[in-house]
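Colleague: How does the following fold in three dimensions:
(chains A, B, C, D, E and F)
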6 protein chains.
Amino acid sequence: MADVLTFGEIMLRLQPVGYKRIMQAEQYEAVYGGGEANVAVSLAQMGEDVAFLTRLPDNAVADKCVKELRGWGVDTSCILRGGNRMGIYFCEKGAGPRGSNVIYDRAGSSFSEIAVSDMDLSVLGGCKWLHFTGITPAVSDSAAEAAEHLLKAAKDRGVTVSCDLNYRAKLWSREKACKVMTRLLKYVDVLISNEEDCKDVFNLSADGSNILSGELSAEGYALLARKMQAKFPNISQVAFTLRESLSASVNNWSGMLVDKDGCHVSRKYTINIVDRVGGGDSFGAGLIYALRHGRRGEEAISFAVAASAIKHTIEGDFNIASVAEIDKLSKGDGSGRVQR
Amino acid sequence: MADVLTFGEIMLRLQPVGYKRIMQAEQYEAVYGGGEANVAVSLAQMGEDVAFLTRLPDNAVADKCVKELRGWGVDTSCILRGGNRMGIYFCEKGAGPRGSNVIYDRAGSSFSEIAVSDMDLSVLGGCKWLHFTGITPAVSDSAAEAAEHLLKAAKDRGVTVSCDLNYRAKLWSREKACKVMTRLLKYVDVLISNEEDCKDVFNLSADGSNILSGELSAEGYALLARKMQAKFPNISQVAFTLRESLSASVNNWSGMLVDKDGCHVSRKYTINIVDRVGGGDSFGAGLIYALRHGRRGEEAISFAVAASAIKHTIEGDFNIASVAEIDKLSKGDGSGRVQR
Amino acid sequence: MADVLTFGEIMLRLQPVGYKRIMQAEQYEAVYGGGEANVAVSLAQMGEDVAFLTRLPDNAVADKCVKELRGWGVDTSCILRGGNRMGIYFCEKGAGPRGSNVIYDRAGSSFSEIAVSDMDLSVLGGCKWLHFTGITPAVSDSAAEAAEHLLKAAKDRGVTVSCDLNYRAKLWSREKACKVMTRLLKYVDVLISNEEDCKDVFNLSADGSNILSGELSAEGYALLARKMQAKFPNISQVAFTLRESLSASVNNWSGMLVDKDGCHVSRKYTINIVDRVGGGDSFGAGLIYALRHGRRGEEAISFAVAASAIKHTIEGDFNIASVAEIDKLSKGDGSGRVQR
Amino acid sequence: MADVLTFGEIMLRLQPVGYKRIMQAEQYEAVYGGGEANVAVSLAQMGEDVAFLTRLPDNAVADKCVKELRGWGVDTSCILRGGNRMGIYFCEKGAGPRGSNVIYDRAGSSFSEIAVSDMDLSVLGGCKWLHFTGITPAVSDSAAEAAEHLLKAAKDRGVTVSCDLNYRAKLWSREKACKVMTRLLKYVDVLISNEEDCKDVFNLSADGSNILSGELSAEGYALLARKMQAKFPNISQVAFTLRESLSASVNNWSGMLVDKDGCHVSRKYTINIVDRVGGGDSFGAGLIYALRHGRRGEEAISFAVAASAIKHTIEGDFNIASVAEIDKLSKGDGSGRVQR
Amino acid sequence: MADVLTFGEIMLRLQPVGYKRIMQAEQYEAVYGGGEANVAVSLAQMGEDVAFLTRLPDNAVADKCVKELRGWGVDTSCILRGGNRMGIYFCEKGAGPRGSNVIYDRAGSSFSEIAVSDMDLSVLGGCKWLHFTGITPAVSDSAAEAAEHLLKAAKDRGVTVSCDLNYRAKLWSREKACKVMTRLLKYVDVLISNEEDCKDVFNLSADGSNILSGELSAEGYALLARKMQAKFPNISQVAFTLRESLSASVNNWSGMLVDKDGCHVSRKYTINIVDRVGGGDSFGAGLIYALRHGRRGEEAISFAVAASAIKHTIEGDFNIASVAEIDKLSKGDGSGRVQR
Amino acid sequence: MADVLTFGEIMLRLQPVGYKRIMQAEQYEAVYGGGEANVAVSLAQMGEDVAFLTRLPDNAVADKCVKELRGWGVDTSCILRGGNRMGIYFCEKGAGPRGSNVIYDRAGSSFSEIAVSDMDLSVLGGCKWLHFTGITPAVSDSAAEAAEHLLKAAKDRGVTVSCDLNYRAKLWSREKACKVMTRLLKYVDVLISNEEDCKDVFNLSADGSNILSGELSAEGYALLARKMQAKFPNISQVAFTLRESLSASVNNWSGMLVDKDGCHVSRKYTINIVDRVGGGDSFGAGLIYALRHGRRGEEAISFAVAASAIKHTIEGDFNIASVAEIDKLSKGDGSGRVQR
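Modeller: Here you go, the predicted structure:
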């Protein structure tokens, strides 16, 4: 089996062409995406041996999804087939003061009906890193149970576990998220978050920051990380993405990694956005790659932030960036000059 | 309220661009359609005052659907809003020996969860004609109950009722269809069908016909109509669409109307198909229009067949044809010459 | 009849795909738009009961226009059909230092030939607010006469009248505009303008401002409003849109409302522009909605500016924004974050 | 100046993408076309030195038109610029029993306002062949006068003149067409027509033919040609296109040339149509090329029919076919096999 | 390694959108294709374990090609990377009497520079079937040598070898083809051809057939097969595709298999063509699948012809058809009815 | 012959739609471009009589290229036809921190095989200005020889020669560029460059500037110009484009002209980029136009910079801007306001 395994739901993403709103849509761009799948694809582009575990129905819409994942080099051999439908999300691209809007249509999806009894733990054979996000347990109770089952087994086998907290208000309440994530985070070694998530799920904030106004406090985030580690001592590293959303079109983007050596802050990118969905996932993938390849502290956070800065310029959920591209950016050339 | 009311589910139809298969789809054309909505839109183009009753969720995907219906002139004021999602169907356009393929993704739709208690019978106020298809009760038990509730009330008010038998194997079994449709057809005055439907639902065939080979027997269909009328004496008129599917690209298309005066057979059109989905519905709409405007027998079936012949050349579920266009075709000019 | 009526010309807008110039255009996006129609559609999205009065030819190009208006919820029942053609405008989208360019092809349009005798004043029955722009009388002398006829009747019936001054150099001279608008503005209660318009039509400026350099003086605009009210004492409120065009791609956008209570200035938005055509009209619609729903002064101008800020991010002439969206923005969240 | 000159109006053609109807059009394909321009472009592809004379406004929409003509190798140096607008025609592509439909929007075009005083007869310097169609004088009285002025001058200089009769019911009445064309045809050497045109303009028919049913009588057409020559003794050759419109999707296509040696009938092609607009013009161009290059009788008609058979498979008004391609088809290979 | 191996060049195929000619192309559809790659992809859709051996440059254009192959389930692990460029072919889609046209731009491709020393014969480990076409040795002398090297090694290991004769006049002369293919065919067990190929390469014809007129003689083909087997006694089975090209839009399509039991002729399909490129390759894949799964004689040829009949309705070089679809068609349902 | 001649290679440019990466490309936009062709087209839009000399293969892909050049008004009569293929370049559009990327596929192109013996020097008859770039000699040794041959003849005839230094690292080494360009620059009167080029080719820098950080020193560039003139005393004017690449989406753009009167610096534009390829060429064309029409010093550099600022907002390699548009911008209105 693969070195890295990610587990979660992948959906068909339907987005009106260009900046059309759903009310104006005569055609939809159809791509596939989901937090853990995005991480898997991104890692595959970096050369990692990575598998994605999910559950999909047995129809052409899902076959196309598997074709895409396989095409990008993800091991799809452990994907379960069954159930009634793929989850779908409609995504309306924002601009300026109008934010992107997501309409979930994922109730009753094959993944939401995954059962512990579906889980074949042999997928963990040889696995060294397992990644999931807070979206997975939010999908359904049975998905949460399956996740817990898998996490426990992974921990038993000494697999490193990373989690992107990723709170989704349209999927579950803060109360439920807090209860379930508290249970799951005790299996986690590396936590990825942002201020919103910690606030939403655990009511913990980065003092001195104001998301809507775009003010971010490095000190506040470092303190927040320590609070999370106090709550979950198993967590050895906490990484934050720091987004200053100047508008839906232009964002400042940076990150911070808090580990035993202290708090490492990346440079900040001002980005004209092509597609920001999957930005956080590409950060997670960059971080996993960096940590798995001996990059630490500042080097790790620089790589993760550069990877995700590039993602914001790429259409679709997946970050199609190579290690060479990311290194070139993180090591200094952000001028966006033509290569010829 | 409107003169004509149709009742059923309308779905988002997602179809890969051109002849792409779903496995190749990077973009989907997005239109809306469903048997009874198609009839309503078609009637509105003919100038009829027509309302469509359905249940839709409260989101932008459904708002766009309402916008389209309203744009085409259908009265949407009685549409119920609630529930979780719009039904979706993926449609892969066939060609030559490869038939079009439909993947339904309509489980858990707002319409499937419609309840008798949702039904406000005041929509029948002033209504003179009610139309539904065999798809409506196939969607769910509660939809079947709502349909029966509405039909009963319509009958009580002296509304003329038409039904397109429309068997969908992907929605229910033949046994269940037979049981439920037997209950509903007793409210029906005008039955629309084809050989497949009668065979599938009631195990009644048009002797002498063979669908796959394309041989159709007029006598067989006349006899079949009489059998249906024997079973349901309330049915005063039976109309059949007669499709000889030479291939997914070229069809012969004609129709037959059996009424008290006998059996009226239309001329036959050989059609290079642009989009055959909704062909039967446009026939139903043509027939309803004709019958409501004093056209009888051969005149009625000619109009209905011409209307639906034109539909096969129009993209989407809806038949965007005017009475003038249909009359021009049914009265003789099928040469397809340029009008300039 | 509807609560609000708008009166003017609607045209077919043909715009090359993306940033292509007309000289490069192989395909045109086809939408419909015109000052007063844009206001009507925008108001309909806010839930207003609004009708649009115009004159269109009897062909499919105009039928499609009516379908769109009706789809967006505008009452089209009073639209007159007749004449030879729809007005057309070709619109080339600008970027950076290259401004958008408009080529009018509206001579001989059905609307330009509208006559006073075509006007059925029963459209004012129940009407509480009438809106027109300075484009309407610029189209033709007969359109100007029809407008005056309608305005007079509206005034007689106590209808509130708003006017967007909207000078179009490609349609008439400053001298003629001054003469005609002087006649029409005496029926107006609410005037919408910008510095360019007042300067172009009445040779009145906002001292201290420089449009090309982007410097705007609040005091200057307040004074300008007072000058206009001095000239037309019937005008109780004057609203200005304040555009600082940094480039065709990025604009600063704010507004000001001068009423009996003083001068109310909105916050300023920096907007990456998707489509700025119709920006002023969406401001007008926002203002009408606000004033009709008891919002006054700062609250009114905030709503109008937020509405039109969103418009700049929407393709086409029409502002497809709901009251909820606009309120969310005007009350503070302009970060453009993803909603999920 | 060029060897061949054609004179007439060229319009912007707007056609909904694919088989969409105008009522469904969100995008239009934009090409340019008009009878005489089509002939000029087709001749240029055959290597002829050909100029096109028309009048166009001075804007980007017309600049693009000139760019296209020049790109295809037509000499555009004599095109007059002035007036207000380009003529436009909306074209809805038909299929099966639904014919294509054309909506003209050409009133007030720059060409329609061409005056005899605009005509600089030096364009005839070196000219050996002049071509026009019956559409030119139908556009306006002044266009008819300009045409007559040019024809007369051409005749005086010994230029060969060809005319495609091309009756357009949407432009003028049969009575007026008869009167004007009677005047113009006396300058013509080569007449191109079809049964409809002769019938519409001169009330002369090909006995034994029935257009709607598709029956064509060779003898009838030969006789019709002789009748035309009796009426206009200056006409030395008459060519007919013979279209059997099985449907808008499939046509039989052949032609006939009647000259002093008798009546030459081409083979008949059954064509799946891509775009039939300009089919007649490509026939005219093929005939002119053939006659100018010493091909006579059967050889000439074979070439003209093969040229126009190919045109039916090409998008847009223009026939982009080389002499080599046409010869290959006319000399036998109509199998449509892949060339590789 | 995989059960089946195919060896050859894959190219980027650039085709103008729709029926546009290259002279009209503003956009190209970009897919990838090549005889042996097409067979590999088709076999993968049938569930076969298949690898494709080729040589590609190390750039993004080739990376995308590998992504596609891998996505479709082909084992790409043995693809060699190196050299300067991917071969490209421009493909202009024909219609009616105008055949599709191919412009090769493959000189200097990475594959054309493949050397025997590049060939790692371990790719044959576990391999049971090897497929190539006559295009491979036509690409370059070194490609021919590499092919011979591989064939010899395959034969030594007892691998079954199939060859599609596939003569390409634009790549080599008949003389050279005869000389080289005579050398290579002695390693072949299953030969796939059509009359043109045998005629072009070996000057052997199916008497009684006429390709351009579309007359095909079954007896003639049987005799032709026997002639080929006389020349190459190692060939145990000869299959022919029989194309009657009525036009570029409509073809009759059937096949014949000559084996030790005699001559097996399939039914004939009349096909409205979506994309006929790759039709022969899909036939080859169908035949290989059938023979590898114990289908013999009539059953095998029926499957191969049905598979390739479906291919003609699918965009791109690849046949995206499952065994179930093919069986459904070959066992009788060619009506192209909607599946719902 | 024409007043201005440019000499170089033109390629087919294939660019994925929108911001898609090559790995995601299903469709490519197809335009044509190359340094000297871009200058020719740009000059033609300014009304110059300009010819382009290149060598192209004899196929439809190149025919389309000639059609485009001719359409834009460039004299194509001296284009040589022969050889095997057009050069191609794949261009992936960048955004934010991700720069555009170019993959050249031009080896073996018809132009690269141009020979001195192909050169017909009569193209210089009447020629007053010759322009080439450093790309031409980089293509191949024979192209460098042909260039030198032409330059020498031009110099002999007193033609003014301009050269854009344009170093392309993907085509040749710095050493070779230095050697060859040293030979060619001795024929040059006007040199166009930027800091990178002078540094790359001659190892001469503008002290005080840092390209990646975006700091530019006017004094440094003036000094650099003087160094170049010291090296090549024949160079009378040196112009620099000064690009500060804030990101691939936003650039600052200005220029400088050093002539006998001193150093003239233009204003600086901040540009949201639509397509920056060809930016330098449009600057060159602007400069040539200005110098040929008596504009000197500041006026010349203002015109050249304004021209190229507009180019950055236009799709494709070619600058489709008129003198009027450029003058309007260079004389002050850079607000990008709508013109209507």
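Colleague: Kindly tell me how buried the closest residue to residue A:56 other than its chain neighbours is, as a neighbour count.
Modeller: Spatially, and ignoring its direct neighbours in sequence, residue A:56 is nearest to residue A:62 (3.9 Å; C-beta to C-beta, 6 or more residues apart in numbering or on different chains). In this view, the C-beta of every residue, glycine as well, is placed from N, C-alpha and C. By other C-beta atoms under 10 Å in any protein chain shown, 24 other residues sit near residue A:62.
Colleague: Please tell me how far residue A:62 sits from residue E:282.
Modeller: Separation of residue A:62 from residue E:282 (C-beta to C-beta, to the nearest Å) stands at 24 Å.
Colleague: With residue A:171 instead?
Modeller: 44 Å.
Colleague: Would you mind telling me which of these two has more residues around it?
Modeller: Using other C-beta under 10 Å as the criterion, residue A:171 and residue E:282 rank with residue E:282 on top: 32 against 18.
Colleague: That one and residue E:313 touch, don't they?
Modeller: No. Using C-beta atoms under 8 Å, residue E:282 makes no contact with residue E:313, being 10.8 Å away.
Colleague: Contacts only, for the residue of the stretch 101-250 of chain A found nearest chain C.
Modeller: Going by C-beta to the nearest C-beta, chain C is nearest to residue A:248 of the stretch 101-250 of chain A, at 2.9 Å. By C-beta atoms under 8 Å, 6 or more residues apart in numbering or on different chains, the contact set of residue A:248 is A:93-100, A:273, A:276, C:313, C:336-337.
Colleague: Just checking, which helix or strand succeeds the helix or strand hosting residue A:264 along the chain?
Modeller: Assigned by DSSP states H and E, residue A:264 belongs to strand A:262-265. Proceeding N to C from strand A:262-265, the next assigned helix or strand is strand A:269-272, under DSSP H and E.
Colleague: quick one: that following strand near chain F?
Modeller: Yes. Strand A:269-272 reaches chain F (C-beta under 8 Å from any C-beta of the partner chain) through A:269, A:270, A:271, A:272.
Colleague: The residues you listed: which ones sit near chain C?
Modeller: Counting by C-beta under 8 Å from any C-beta, the members of these near chain C are residue A:272.
Colleague: Scan the residues of strand A:269-272 next to chain F and report the most crowded one.
Modeller: Neighbour-wise, these (other C-beta under 10 Å) top out at residue A:271, 28 neighbours.
Colleague: Show me which residues of chain A are close to chain D?
Modeller: residue A:26.
Colleague: Show me the helices in the stretch 151-300 of chain A, by range?
Modeller: A:174-184, A:195-202, A:218-231, A:279-292, A:297-311 (DSSP state H, counting those that start in this stretch).
Colleague: can I get those in JSON lines with mean pLDDT and distance to residue B:51?
Modeller: Formatted as JSON lines, the helices of the stretch 151-300 of chain A follow (pLDDT from 0 to 100; distance: least, C-beta to C-beta, whole Å):
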{"stretch": "helix A:174-184", "mean pLDDT": "98", "distance to residue B:51": "42"}
{"stretch": "helix A:195-202", "mean pLDDT": "90", "distance to residue B:51": "44"}
{"stretch": "helix A:218-231", "mean pLDDT": "91", "distance to residue B:51": "56"}
{"stretch": "helix A:279-292", "mean pLDDT": "98", "distance to residue B:51": "46"}
{"stretch": "helix A:297-311", "mean pLDDT": "98", "distance to residue B:51": "48"}
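Colleague: I'd like those laid out as CSV, including distance to residue D:176.
Modeller: Shown next, in CSV, are the helices of the stretch 151-300 of chain A (distance: least, C-beta to C-beta, whole Å):
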stretch, distance to residue D:176
helix A:174-184, 79
helix A:195-202, 75
helix A:218-231, 83
helix A:279-292, 68
helix A:297-311, 67
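Colleague: With chain B as the reference, name the closest of those helices.
Modeller: Chain B sits nearest to helix A:174-184 of all these, at 18.5 Å, using C-beta to the nearest C-beta.
Colleague: and the closest one, what does it pack onto?
Modeller: helix A:135-139, helix A:141-156, helix A:195-202 (3 or more C-beta pairs under 8 Å, 6 or more residues apart in numbering or on different chains; DSSP states H and E).
Colleague: Skipping adjacent residues, who's closest to the residue of the stretch 51-200 of chain A found nearest chain D in space?
Modeller: Taking C-beta to the nearest C-beta as the measure, the stretch 51-200 of chain A has residue A:92 as its residue closest to chain D, at 17.3 Å. Counting by C-beta to C-beta, 6+ apart, residue A:92 lies nearest to residue A:101, which is 4.5 Å off, once chain neighbours are set aside.
Colleague: The one you found against residue A:89, yeah?
Modeller: No. At 10.4 Å, residue A:101 and residue A:89 do not qualify as touching, with contact defined as C-beta under 8 Å.
Colleague: quick one: contacts for the closest residue to chain B within the stretch 201-340 of chain A?
Modeller: Ranking the residues of the stretch 201-340 of chain A by distance to chain B (C-beta to the nearest C-beta) places residue A:316 first, at 10.1 Å. Neighbouring residues of residue A:316 by C-beta under 8 Å, 6+ apart: A:13, A:31, A:33, A:275, A:278, F:24.
Colleague: Could you pick out the residues of the stretch 201-340 of chain A near chain F for me?
Modeller: A:269-275, A:306, A:309-310, A:312-316, A:320, A:325, A:329, A:332-340.
Colleague: Please pick the buried ones from these.
Modeller: Neighbour counting with 16 or more other C-beta atoms under 10 Å in any protein chain shown marks A:269-275, A:306, A:309-310, A:312-316, A:320, A:325, A:329, A:334-338, A:340 as buried within these.
Colleague: could the contacts of residue A:316 be laid out in CSV, adding distance to chain C?
Modeller: Output for the contacts of residue A:316, formatted as CSV (distance: C-beta to the nearest C-beta, whole Å):
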residue, distance to chain C
A:13, 12
A:31, 16
A:33, 12
A:275, 11
A:278, 11
F:24, 18
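Colleague: give me the subset of those residues touching chain B.
Modeller: Residues of the contacts of residue A:316 in contact with chain B (C-beta under 8 Å from any C-beta): residue A:31.
Colleague: Adding distance to residue D:224 and pLDDT, write the contacts of residue A:316 out as a markdown table.
Modeller: What follows is these, written out as a markdown table (distance: C-beta to C-beta, whole Å; pLDDT from 0 to 100):
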| residue | distance to residue D:224 | pLDDT |
| --- | --- | --- |
| A:13 | 63 | 98 |
| A:31 | 61 | 98 |
| A:33 | 67 | 98 |
| A:275 | 64 | 97 |
| A:278 | 70 | 97 |
| F:24 | 60 | 98 |
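Colleague: What pLDDT is listed against the residue of the stretch 201-340 of chain A closest to chain B?
Modeller: pLDDT for residue A:316: 98.
Colleague: how many neighbours does residue A:80 have?
Modeller: The tally of other residues near residue A:80 (other C-beta under 10 Å) stands at 16.
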